[in-house]
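Peer 1: any chance you can model this:
(chains A, B, C and D)
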Number of protein chains: 4
Amino acid sequence: MYGNIHTDLAMEARESNSALNGVSEERTDNEHYSVSRIKIDTDEAASALQKSKGLYITIEAPDLVLRESELIKAVTEALSAELTGLIDKGGTSGTVLVVGLGNRAVTPDALGPKTAEKILVTRHIKQYMPDAIPNGVRSVCAISPGVLGVTGIETMEVIQGIVERSKPSLIIAIDSLSSRRTERIASTIQLCDAGIQPGAGVGNIRSGLDEASLGIPVIAVGVPLVVYASTISRDTIGLIASELGLLGNEEKIKELAAKAISEKTGELIVTPKEIDSLIECTSTILADGINMCLFGKDYAEVRSLIA
Amino acid sequence: MYGNIHTDLAMEARESNSALNGVSEERTDNEHYSVSRIKIDTDEAASALQKSKGLYITIEAPDLVLRESELIKAVTEALSAELTGLIDKGGTSGTVLVVGLGNRAVTPDALGPKTAEKILVTRHIKQYMPDAIPNGVRSVCAISPGVLGVTGIETMEVIQGIVERSKPSLIIAIDSLSSRRTERIASTIQLCDAGIQPGAGVGNIRSGLDEASLGIPVIAVGVPLVVYASTISRDTIGLIASELGLLGNEEKIKELAAKAISEKTGELIVTPKEIDSLIECTSTILADGINMCLFGKDYAEVRSLIA
Amino acid sequence: MYGNIHTDLAMEARESNSALNGVSEERTDNEHYSVSRIKIDTDEAASALQKSKGLYITIEAPDLVLRESELIKAVTEALSAELTGLIDKGGTSGTVLVVGLGNRAVTPDALGPKTAEKILVTRHIKQYMPDAIPNGVRSVCAISPGVLGVTGIETMEVIQGIVERSKPSLIIAIDSLSSRRTERIASTIQLCDAGIQPGAGVGNIRSGLDEASLGIPVIAVGVPLVVYASTISRDTIGLIASELGLLGNEEKIKELAAKAISEKTGELIVTPKEIDSLIECTSTILADGINMCLFGKDYAEVRSLIA
Amino acid sequence: MYGNIHTDLAMEARESNSALNGVSEERTDNEHYSVSRIKIDTDEAASALQKSKGLYITIEAPDLVLRESELIKAVTEALSAELTGLIDKGGTSGTVLVVGLGNRAVTPDALGPKTAEKILVTRHIKQYMPDAIPNGVRSVCAISPGVLGVTGIETMEVIQGIVERSKPSLIIAIDSLSSRRTERIASTIQLCDAGIQPGAGVGNIRSGLDEASLGIPVIAVGVPLVVYASTISRDTIGLIASELGLLGNEEKIKELAAKAISEKTGELIVTPKEIDSLIECTSTILADGINMCLFGKDYAEVRSLIA
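Peer 2: Sure, this is the predicted structure:
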């Protein structure tokens, strides 16, 4: 409306465009968390929401930041169940490549690498020591390709190279996301079957990671860990415009926003102070949920063999 | 004006109270950095600025974030020189205790512990192996007391205990600060001879660390590393109020601010994404400047003996 | 025999002195771990074993390094139970101070600081917000005093200062230990009621931490994480001496040992390559066991309030 | 002789085979360090030394562990000069890919990843913003492929994929090495033009990284950071055998060695306690030397643009 508020959550994009055609939504509330499913069906809706066509599943658990063990367990299991639904569409055998996007040296951007480290990898065992692991255990590998500014190599180049060599049948890509509401930091998980597009995530990529570019399904799993400082300014302006009856005066609002938000502000991020421990806890939930989903009934055995 | 904008920089507090009595200020500009000295002389001025009486020296080097080695060297030497001026008032012999305040597990709050780790300590060598170190080298020790939420012990209790045992004649306390301008993050150093007061710094303390409480001079050295998210909202409101000619309508502005800034927002912090590497670089500048000041002509020798 | 083999485990010291008077021993074997209790009763026995008089409890779980979750749970509970036995002698109320000895920047020496970070601290909550926590929950605080080479301050000086201020009724001190057998690394826990003596532990201290020096009971909890390289040389020499029938020729063996073990070798340590993850896992077991013991039936509630 | 002593240093392999044909050696001593060049010319010599044919340059600076800044500077420049000699053979233009081998989560094995992080990467800037960087600056990229046990993907598979995509003309591969003498830990740098072979390095690889497999020259740069515990046992046995006049009795010595060195001992490593800080210092020397070599006269400018 008055400038672009960036959000990586389809649910938030949908909130500001509630009357849009080509989008369907359903929501289930549980005691401690809710699950919403947004399906973007048409190119028009995709363009209006600035998200690719596909299914976006959002698990919201506002109390997750309290790190109560029962809720962590419930959310981990919900993630595993939702991921199982998405993966089943991509086939239940074949190697899964888990990709941890982002920069491990930047705390709020380290969710991907921290999660990838905690994935139980089996591909090499199945390849070199097949007798050491139960027959039927899924082949899983995991890599963190780093970010362009640190490696000088496009994330897409690294992943394409690895895909050609390791021949996975499915990619699960993990990334830190931005939200427009600070309450969602570390308490929301988004899964989607549309892969990851350029400009999305905290450690932005330049080329999309999706089935069109990689030839295999790409499921993206992310958690909002930052809000851009410019979002706070825009929200403040929106609120004031509403309070002062300026909502019709788009010109004036744009002018105010331009003055309030310098180019530099756009790059600043807002996080809770306890971001380091939130990343630790969140990456464990993601990795446990993914491991649980990928190994199913063999999970405990694989864990004791490998971890 | 329209609610409290929190800043740990006396220079910023002074900017919003420029007509105040009881404060003197002088400023020197160099090619790449400037040094300002603000002296708060009266209780009235101290109360208006919400800072203790004392001398506040601010080194500003906007280009410091580019990490160009010449500028880093110049700022390190400027810090050493200014610190020497402050320390001389406290005597040039006797043990110096460097205290790294803050929580090492929270990136923007880790400046104190990271700096303390890089201080060259000599107290134990002078005590147990006096022949291993040149005569006349200053006795230096360094500790990071942790934060109340992690230890369950007040910072002041830990420091008082250590002061009683190690009998320093001077404390240099390092802390992450908050600023009201994001441009000052990691590019400004504040030194002051008034110690540290409750509510100051990112890892807030409950009792003041100063000469009144500890019986020895306390020099505080800090670098702004966060801006509170509420400051961004307040700045946006101030700007709009000015644009819309609302500046006289204090009631309205306060009402808007109250709506824009929830209690939760107040705890959120704004940092640049590269905060991890900024902390690394900034703690090295502080530790080098302090080491250079404390060891003077013996610096190179002490460094090669200990580091 | 042929030079001093250093071990921090009373059980190992006892093995090489099995015929000693003044020492009693009992041992219980469980399915996956064993618990032995060695009581050193006389000054003569203490001197021969180079350990203080007192009770030494050793939990041995050779498979612990496999990190199987059931065994981790069993050992954590065994630690909690044994610690409860030792603590009960020191009274069940009053503040407990957990001290994490060692240098957090040296991987095999970081067990103490890593464990202390994971202790649930309640002292400040009981003091400042007593209504926020169930009545009767024990007051617990935790500190890592650092090591002399990094702080310039004796560990004992820091702890005495904190004890005077925080007035605990009991100290639990955590430290990395040395063993003479590499198989015991990360698979053995030693508890003792005699505190910690100079020269013990990986991050050696200069003054004993015990009831005599601090006026309150000191329970030491440690895990062997290193073997000294000189121990490997001595073991090799011992083996060869036995094979070659040199066991009577003490002079010759001493001469060989002196040649094989240079001063520098004495400082080298032997660790498994996976020491970083062993420290992570071991510090969690210790912290969980201590938390479980200190909070008893309130453990789950305290955990959800604080963690 | 009495079992295999593993060393990654050609210089050490040569010491135990001094009479070998097909090897030439020269050595230059400077004030604070020496440089030796060993050229392995024949397949017989390669097989006897268990090293590939090629040129092995060893910089030895026993005092490097004292971290005196002048010596660090001298060694960094020597590394840069030697590397320039090796690289010139591979051509002075084209992209250079720096590969950091090893596991960043295992301290003594983290030299590669830690060094790769400190390489100044320019490839993406030359590609997307060529005007932002001086013409003629070399294109450099850097990646840490992780280890098989963490990723489930062979190091070689990852690198081949990246080579195909990023089309470098030269690889510089960094790895932690093993030595047979503890004195060489962190004070010796080996460069060679033969790439890296399976079984070499601390984080062993399964397929060789060399010109034969990758189609471009591979220069290996490594620093010994561990000695295997079995080496200590073998050295002790060798010394005793010599002392006791057993040197002719190979059977007896082999028998003793087999008894002294269990399979488990072979995996244990010996390091100095200060390994964490040695890795930090050593990776900086390697990265600075490589950056200096690759950017030559543009080094300072590239550094201020990127770091």
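
Peer 1: tell me where chain A has strands.
Peer 2: Taking DSSP state E, the strands of chain A run over residues A:23-29, A:34-40, A:54-60, A:96-100, A:140-143, A:170-179, A:188-192, A:218-228, A:269-272.

Peer 1: the fifth one vs chain C: in contact?
Peer 2: Just to be clear, that refers to strand A:140-143. No - Strand A:140-143 lies apart from chain C when judged by C-beta under 8 Å from any C-beta of the partner chain; the minimum separation is 16.0 Å. In this view, the C-beta of every residue, glycine as well, is placed from N, C-alpha and C.

Peer 1: which residues sit against that strand?
Peer 2: By C-beta atoms under 8 Å, 6 or more residues apart in numbering or on different chains, the list of residues contacting strand A:140-143 from outside reads A:95-100, A:116-117, A:119-124, A:158-159, A:162, A:166, A:168, A:294-295, D:145-146, D:150-153, D:158.

Peer 1: before we move on, what about the last one?
Peer 2: Contacts with strand A:269-272, where a contact means C-beta under 8 Å, 6+ apart, come from A:65, A:107-108, A:178, A:182, A:185-186, A:202, A:225-229, A:231-232, A:278, B:229, B:232, B:267-273.

Peer 1: how about stretch A:245-265?
Peer 2: Defining contact as C-beta under 8 Å, 6+ apart, one finds that stretch A:245-265 is touched by A:1-3, A:229-230, A:233-234, A:236-238, A:240-241, B:182-183, B:232, B:235-236, B:239-240, B:243.

Peer 1: related to what we said a few turns ago, looking at the strands of chain A, which is nearest to residue D:84?
Peer 2: strand A:140-143 (32.5 Å; C-beta to C-beta).

Peer 1: can you give the strand pairings for the closest one, parallel or anti for each?
Peer 2: Looking at strand A:140-143 with DSSP bridges, its partner strands are strand A:96-100 (parallel).

Peer 1: how about the strand it pairs with: buried residues?
Peer 2: A:96-100 (16 or more other C-beta atoms under 10 Å in any protein chain shown).

Peer 1: now the angle from it to strand A:218-228?
Peer 2: Comparing the axes of strand A:96-100 and strand A:218-228 via axes from the mean of the first three to the mean of the last three C-alpha atoms, to 10 degrees yields an angle of 10 degrees.

Peer 1: what's next to strand A:96-100, contact-wise?
Peer 2: A:87, A:111-117, A:119, A:138-145, A:159, A:162-163, A:166, A:168-174, A:209, A:290, A:294.

Peer 1: of these, keep whichever come out buried.
Peer 2: Neighbour-count burial (16+ other C-beta under 10 Å) applied to these gives A:87, A:111-117, A:119, A:138-145, A:159, A:162-163, A:166, A:168, A:170-174, A:209, A:290, A:294.

Peer 1: mind checking which of the residues you listed land in helices?
Peer 2: A:87, A:111-117, A:159, A:162-163, A:166, A:290, A:294 (DSSP state H).

Peer 1: and residue A:1, what pLDDT?
Peer 2: With respect to pLDDT, residue A:1 scores 33.

Peer 1: residues near the closest residue to residue A:302 other than its chain neighbours, how many?
Peer 2: Leaving aside its chain neighbours, residue A:302 sits nearest to residue A:295 (4.8 Å; criterion: C-beta to C-beta, 6 or more residues apart in numbering or on different chains). Neighbour count for residue A:295, taken as other C-beta atoms under 10 Å in any protein chain shown: 21.

Peer 1: and residue A:133, by the same measure?
Peer 2: By other C-beta under 10 Å, the residues close to residue A:133 number 17.

Peer 1: tell me the pLDDT at the residue lying closest to residue A:232 once chain neighbours are set aside?
Peer 2: Nearest residue to residue A:232 in three dimensions, chain neighbours excluded: residue B:232, at 4.9 Å (C-beta to C-beta, 6+ apart). Looking at residue B:232, its pLDDT reads 79.

Peer 1: what do you get for residue A:263?
Peer 2: For residue A:263, pLDDT reads 59.

Peer 1: what does the stretch 201-307 of chain A put close to chain B?
Peer 2: Residues of the stretch 201-307 of chain A lying close to chain B by C-beta under 8 Å from any C-beta are A:202, A:227, A:229, A:232-233, A:235-237, A:239-240, A:243-244, A:255-256, A:259-260, A:264-265, A:267-277.

Peer 1: what residues of the lowest-mean-pLDDT helix or strand in chain A count as buried?
Peer 2: Within chain A, no helix or strand scores below helix A:250-260, which has a mean of 75 by mean pLDDT, DSSP states H and E. For helix A:250-260, burial by neighbour count (16+ other C-beta under 10 Å) applies to A:252-253, A:256-257, A:260.

Peer 1: nearest to residue C:196 among the residues you listed?
Peer 2: Of all those, residue C:196 sits closest to residue A:260, with 58.5 Å by C-beta to C-beta.

Peer 1: return the member of the ones in helices among the buried ones among the contacts of strand A:96-100 nearest to residue B:18.
Peer 2: Nearest member of these to residue B:18, counting by C-beta to C-beta, is residue A:111, at 44.5 Å.

Peer 1: I'd assumed residue A:281 was in contact with the closest one.
Peer 2: No - using C-beta atoms under 8 Å, residue A:111 is not in contact with residue A:281, being 10.7 Å away.

Peer 1: rewinding a little: what count of nearby residues applies to the residue nearest to residue A:232?
Peer 2: 29.

Peer 1: quick one, what contacts it?
Peer 2: Going by C-beta under 8 Å, 6+ apart, residue B:232 touches A:229, A:232-233, A:236, A:265, A:270, B:270.

Peer 1: cool, thanks, signing off.
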